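Peer 1: kindly return the folded structure for what I paste below:
(chains A and B)
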Amino acid sequence: MHDLLLTIDAGTIDWSRAQFALTAIYHWLFVPLTLGLALIMGICETIYYKKQKRADAEASAFWKKTSKFWQRLFGINFAMGVATGIILEFEFGTNWSNYSWLVGDIFGAPLAIEGIVAFFMESTFVAVMFFGWKKVSAGFHLAATWLTGIGATLSAWWILVANAWMQNPVGCEFNPDTMRNEMTSFWDVALSPFAVDKFFHTVISAWIIGAVFVVAVSCWYLLKKRHTQLALQSIKIGSVVGLVAALGAAFTGHISGQDVAKSQPMKLAAMEALYNGGNAQSLTMVALVNPLQQPDYANEQEPPLKIGLPYALSVMATNTMDGYVPGINDILNGYTKPDGTRELSADEKIVRGKLAIAALQAYRQARIDKDDPEAVRQLQVFRDNEKYFGYGYIRDKSELVPPVGLNFWAFRTMVGMGCLLILFFGLVLVLGYNIPFLSIFSRRLLAAIGLLPETEADVPASGSQPKWLCWAAIIMLPLAYIASESGWIVAEMGRQPWTIQDMLPTWAAASDLQSGSVMLTFALFLILFTTMLAVEISIMLKQIKKGPEGQ
Amino acid sequence: MANNGFLYRAFRLYYDGFRSMTLGKTLWLVIAIKLFIIFIVLKIFFFPNFLSTHAEKGAEADFVATQLLNNNQ
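Peer 2: Take a look at the predicted model:
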């Protein structure tokens, strides 16, 4: 399905994919805000705890009020997000039964741990956090607040382990008798570099969402001239968290880029619209790539109007300026890797994949016929070609190329917004704090270009933010969400057609269902999710309007 | 149960907490409706386990093998 945005095929596979995408995108509206707000409310309550220890009554009362306010908004988001992820597991069992069977043994442990951690940690510590202000000591309450966030983050770890395994299946062996991948090393699965890097990139990017949310809500108060002290102090915390997280997301994104270059070179080539690779590759900043149509990569040297940053793609993929990065055509036609080994062409992989499928079929028949020598022989053929098993389902090598335009623009949306967020948080931070040289330099610069009144150019920061920056903060909130969702679009659309990398394409993974039934549940979800989102936004806005006094 | 025992205090934490909820009542109502829709309506009527309903118990591997090796190439 290379033209999803043009014509959604009314087929079962496409509707199942669309339904999964809808559910995952919706689920991801709640998760990053939970993780991000957890960090910020933890910081607020830590300040409250310290002020209370120093017997600073006024400051401790203020920080307690501030902590409780952000915890209340956390609670709304937490309640709305509860169980939205469970629907994804329903979809596995109904729409993706072949896939579910194949991965069952791998996903069982991480998802069980996730369920237990999520249930016990979160249900215990969330209750202490909301009900325990007058029931437990300040120290115990502080611990409960942090453990709520840590519990949510640990839950995310196991989900991301499962996702990382699909992108880079490790620590397992396929059992031809049970037709399942069986875990050979729990730690190889749980601590694979792909999973670790994905975890840090995802969680750190979630902190950005929390920070933007806090800054945006606080800026709205500044515009309305309400709860000014809470807003100014929260902006200070939000800007530090946001800037550190945005820089951290850039760094972890670089590490993730190297994982992708090693394990999923086609994804990297699609993200970059890199048709023909080579050494010392430039990173495309912008090019004329149609987001709705697959480009003619076989006949074009590169996309039209390409403006690139010299060597940057090689640095991103290999950490060297001269590093080799294969393009789409290189991957399809085969290429020689820097270590001198040859990567097979798509056609060769398809031949070997078909051999693996035929051998597996023959092995299973030999087992039924109790023909042990034949079973041993066929098993050996299967093992020799197992690495390319999934390619046996590929009918045309063009099916191995993900939607280039969509990945290209989703990646640029994520990175572009990320850069904008670094600038935004940096600006909010230098205007909110008195940082030697930097704050006064920024104020004079803004005054020189007319974004700050001349009278305020040399005035020490009061923490207040210019009106235009307050509006920018509010606009940044949906943009940050778009960046975050774009990251997932790159991660998931970039690995098409694979549900499990090189092992199982979508059309082999899906259940043999009537497309009408999947279409019906897609429509039901659309209605349900839209309603739930409207309810959440409505409750959230109502509480923000009430402010901390409404507690 | 002793009035200062751990279990009693834990019980009071939840009991008093639930009784004094304001916004929480609305949120729990939303959660209850959502869980009803997800687990009762969607799971039972729209999301049966495909293998449980199409393959004999214990023969799931054969069913998947048929799907993957015979029907899907």
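Peer 1: show me what the helix or strand encompassing residue A:73 is packed up against.
Peer 2: Element membership for residue A:73, per DSSP states H and E: helix A:57-81. Here helix A:57-81 touches helix A:12-53, helix A:123-131, helix A:193-224, helix A:228-263, helix A:515-546, helix B:23-35, going by 3 or more Cβ pairs under 8 Å, 6 or more residues apart in numbering or on different chains; DSSP states H and E. Using the backbone N, CA and C atoms, a C-beta is placed for each residue, glycine as well.
Peer 1: buried residues, the third one. List them.
Peer 2: This means helix A:193-224. A:193-222 (16 or more other Cβ atoms under 10 Å in any protein chain shown).
Peer 1: what mean pLDDT does it have?
Peer 2: In this model, helix A:193-224 has a mean pLDDT of 96.
Peer 1: that helix to helix A:12-53, inter-axis angle?
Peer 2: 60 degrees (axes from the mean of the first three to the mean of the last three Cα atoms, to 10 degrees).
Peer 1: domain ranges for chain A?
Peer 2: Here the domain parsing of chain A from automatic domain parsing is A:107-191, A:278-340, A:346-398.
Peer 1: endpoints of the longest one, how far apart?
Peer 2: Think domain A:107-191. 14 Å (Cα to Cα, to the nearest Å).
Peer 1: does that domain come close to chain B?
Peer 2: Yes. Under the criterion of Cβ under 8 Å from any Cβ of the partner chain, chain B is reached by domain A:107-191 at A:127-128, A:130-132, A:135-136, A:177-180.
Peer 1: likewise the last one?
Peer 2: Yes. For a cut-off given as Cβ under 8 Å from any Cβ, domain A:346-398 has contacts with chain B, namely A:354, A:357, A:360-361, A:364, A:392-393.
Peer 1: what is the neighbour count of the closest residue to chain B within the stretch 51-200 of chain A?
Peer 2: Relative to chain B, the nearest point of the stretch 51-200 of chain A is residue A:131 (2.7 Å; Cβ to the nearest Cβ). Residues lying near residue A:131 (other Cβ atoms under 10 Å in any protein chain shown) number 22.
Peer 1: count the neighbours of residue A:89 for me.
Peer 2: Counted with other Cβ under 10 Å, residue A:89 comes out at 15.
Peer 1: just confirm it is within a strand.
Peer 2: No. Counting by DSSP: H, G, I helix; E, B strand; the rest coil, residue A:89 is not part of a strand but helix.
Peer 1: in chain B, which residue sits closest to chain A?
Peer 2: residue B:17 (2.7 Å).
Peer 1: ok, that residue - contacts?
Peer 2: Listed by Cβ atoms under 8 Å, 6 or more residues apart in numbering or on different chains, the contact partners of residue B:17 are A:127, A:130-132.
Peer 1: for the helix or strand where it lies, buried residues please.
Peer 2: In this assignment (DSSP H and E), residue B:17 forms part of helix B:6-19. Within helix B:6-19, the residues that count as buried by 16+ other Cβ under 10 Å are B:13, B:17.
Peer 1: any part of stretch B:50-66 near chain A?
Peer 2: Yes. For stretch B:50-66, a contact with chain A is found by Cβ under 8 Å from any Cβ, at B:50-51, B:54, B:60-61, B:64-65.
Peer 1: buried subset of these?
Peer 2: Buried among the residues of stretch B:50-66 next to chain A by 16+ other Cβ under 10 Å: B:50-51, B:60-61, B:64-65.
Peer 1: sketch out the low-pLDDT regions of chain B for me.
Peer 2: Along chain B, segments meeting pLDDT under 70 span B:1-3, B:71-73.
Peer 1: meant to ask about the stretch 451-551 of chain A
Peer 2: Ranges of the stretch 451-551 of chain A meeting pLDDT under 70: A:460-463, A:550-551.
Peer 1: list the contacts for the most centrally placed residue in chain B?
Peer 2: Centroid-nearest residue in chain B, with Cα atoms, centre = their mean: residue B:39, separated by 5.8 Å. Residues near residue B:39 by Cβ under 8 Å, 6+ apart: residue A:86.
Peer 1: grab the nearest non-local neighbour of residue 16.
Peer 2: I'll assume chain A. residue A:95 (4.0 Å; Cβ to Cβ, 6 or more residues apart in numbering or on different chains).
Peer 1: switch to chain B, that's the one I care about
Peer 2: Closest to residue B:16 by Cβ to Cβ, 6+ apart is residue A:131, at 6.8 Å.
Peer 1: enumerate the residues of the stretch 401-550 of chain A near chain B.
Peer 2: A:507-508, A:511-513, A:517, A:520-521, A:524, A:528, A:532, A:535, A:539, A:543.
Peer 1: out of these, which comes closest to residue A:102?
Peer 2: For those, the residue nearest residue A:102 by Cβ to Cβ is residue A:508; the value is 9.3 Å.
Peer 1: what about the closest one, distance to residue A:454?
Peer 2: 67 Å (Cβ to Cβ, to the nearest Å).
Peer 1: and for residue A:524?
Peer 2: Taking Cβ to Cβ, one finds residue A:524 at 58 Å from residue A:454.
Peer 1: who in chain B is up against chain A?
Peer 2: B:9, B:12-14, B:16-18, B:20, B:23-24, B:26-28, B:30-31, B:34-35, B:37-39, B:42-43, B:46-51, B:54, B:60-61, B:64-65, B:67-73.
Peer 1: SS state for residue A:181?
Peer 2: strand.
Peer 1: can you read off the pLDDT for it?
Peer 2: At residue A:181, pLDDT is 93.
Peer 1: ok, it - contacts?
Peer 2: Taking Cβ under 8 Å, 6+ apart, one finds A:102-103, A:105-106, A:169, A:172-175 in contact with residue A:181.
Peer 1: these two touch, right, residue A:346 and residue A:335?
Peer 2: No. Using Cβ atoms under 8 Å, residue A:346 is not in contact with residue A:335, being 11.3 Å away.
Peer 1: please say which of the two ends up with more neighbours.
Peer 2: Remark: of residue A:346 and residue A:335, residue A:346 carries more neighbours, 21 against 18, as counted by other Cβ under 10 Å.
Peer 1: what values do phi and psi take at residue A:325?
Peer 2: phi -130, psi 120 (degrees, to the nearest 10).
Peer 1: beta partners of it?
Peer 2: residue A:278 (DSSP bridges).
Peer 1: give me the neighbour count for it.
Peer 2: 23.
Peer 1: quickly note the distance from it to chain B.
Peer 2: According to Cβ to the nearest Cβ, to the nearest Å, residue A:325 stands 33 Å off from chain B.
Peer 1: so that residue versus residue A:252, what's the distance?
Peer 2: Distance from residue A:325 to residue A:252, by Cβ to Cβ: 20 Å.
Peer 1: same list (the buried ones among the residues of stretch B:50-66 next to chain A) but as CSV, adding secondary structure.
Peer 2: CSV is the format used below for those (three-state DSSP):
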residue, secondary structure
B:50, helix
B:51, helix
B:60, helix
B:61, helix
B:64, helix
B:65, helix
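Peer 1: can you name the residues that contact residue 60?
Peer 2: The chain I'm using is chain A. A:48, A:51-52.
Peer 1: nope, chain B please
Peer 2: Residue B:60 touches A:101, B:51, counting by Cβ under 8 Å, 6+ apart.
Peer 1: ok, now with 6 Å
Peer 2: Shown in contact with residue B:60 (Cβ atoms under 6 Å, 6 or more residues apart in numbering or on different chains): residue B:51.
Peer 1: can you pull the phi/psi pair for residue A:189?
Peer 2: Taking degrees, to the nearest 10 as the convention, residue A:189 sits at phi -70, psi -50.
Peer 1: quick one: it and residue A:172 touch, right?
Peer 2: No. Judged on Cβ atoms under 6 Å, residue A:189 makes no contact with residue A:172 at a distance of 7.1 Å.
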